[in-house]
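In: sequence first, predicted coordinates after that:
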Amino acid sequence: MNMKKIGMQMSILMGISMSFCLSLTGILSSGHFTVPAFLSSFLISTIISLIIGFFVPMKKVGDTAVQKANLTPGTLGARCLESLISDLIYTPVLTLCMTALAYHTAVSHGQEMPPYLLMFLKSLLLSMIVGYILIFILTPVYLKLVMKKNTPPEP
């Protein structure tokens, strides 16, 4: 079984899922949902997520953290820690980029906006919560799907 291929497939699935859900969360929480804004946010967020996923070995980082925390791999505690680490890597970067894009777009259209830092922190808090839940739920589902897809059939 090619673990690198599995890692890439996991990165793609998680990147697209995180981008879709966090873009939707951000746009809906702003109170200014438009299809073009959502699509541009989703597209940019997906590109950023894929770049993170291709360059950060999430499995290795998670496994190392679980080992250093003296947790047993596969347990609830290990999954919670792995989800937190993944959330801390993906979500702040995505949130920073998406709030910067939204802020710049709104200001360029003459809208009154709260200070950027306030907007970012509010969005970051919400995104961290949503991101953690998504990662915790989707990682084992996608891992099972990817493993099944990449396991050769029994003779």
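Out: Nice, thanks for sending it over.

In: count of neighbours near residue 103?
Out: For residue 103, the count of nearby residues is 18 (other Cβ atoms under 10 Å). (C-beta placed from N, C-alpha, C; glycine too.)

In: pLDDT (mean, whole number) over the helix or strand where it lies?
Out: Assigned by DSSP states H and E, residue 103 belongs to helix 76-108. Here helix 76-108 scores 91 as its mean pLDDT.

In: remind me, longest helix of the protein?
Out: Taking DSSP state H as the criterion, the chain has its longest helix at helix 116-150.

In: show me which residues of that helix are buried.
Out: 119-120, 123-124, 126-128, 130-132, 134-136, 138-139, 142-143, 146 (16 or more other Cβ atoms under 10 Å).

In: tell me what angle that helix forms with helix 76-108.
Out: Angle, helix 116-150 to helix 76-108, by axes from the mean of the first three to the mean of the last three Cα atoms, to 10 degrees: 130 degrees.

In: I'd like to know which elements the helix holding residue 103 is packed against.
Out: helix 3-30, helix 35-55, helix 58-68, helix 116-150 (3 or more Cβ pairs under 8 Å, 6 or more residues apart in numbering; DSSP states H and E).

In: residues contacting the residue most central in space within the chain?
Out: The centroid of the chain falls nearest to residue 18 when counting by Cα atoms, centre = their mean (3.8 Å). Taking Cβ atoms under 8 Å, 6 or more residues apart in numbering, we find residue 18 in contact with 45, 49, 90, 91, 94, 131, 134, 135.
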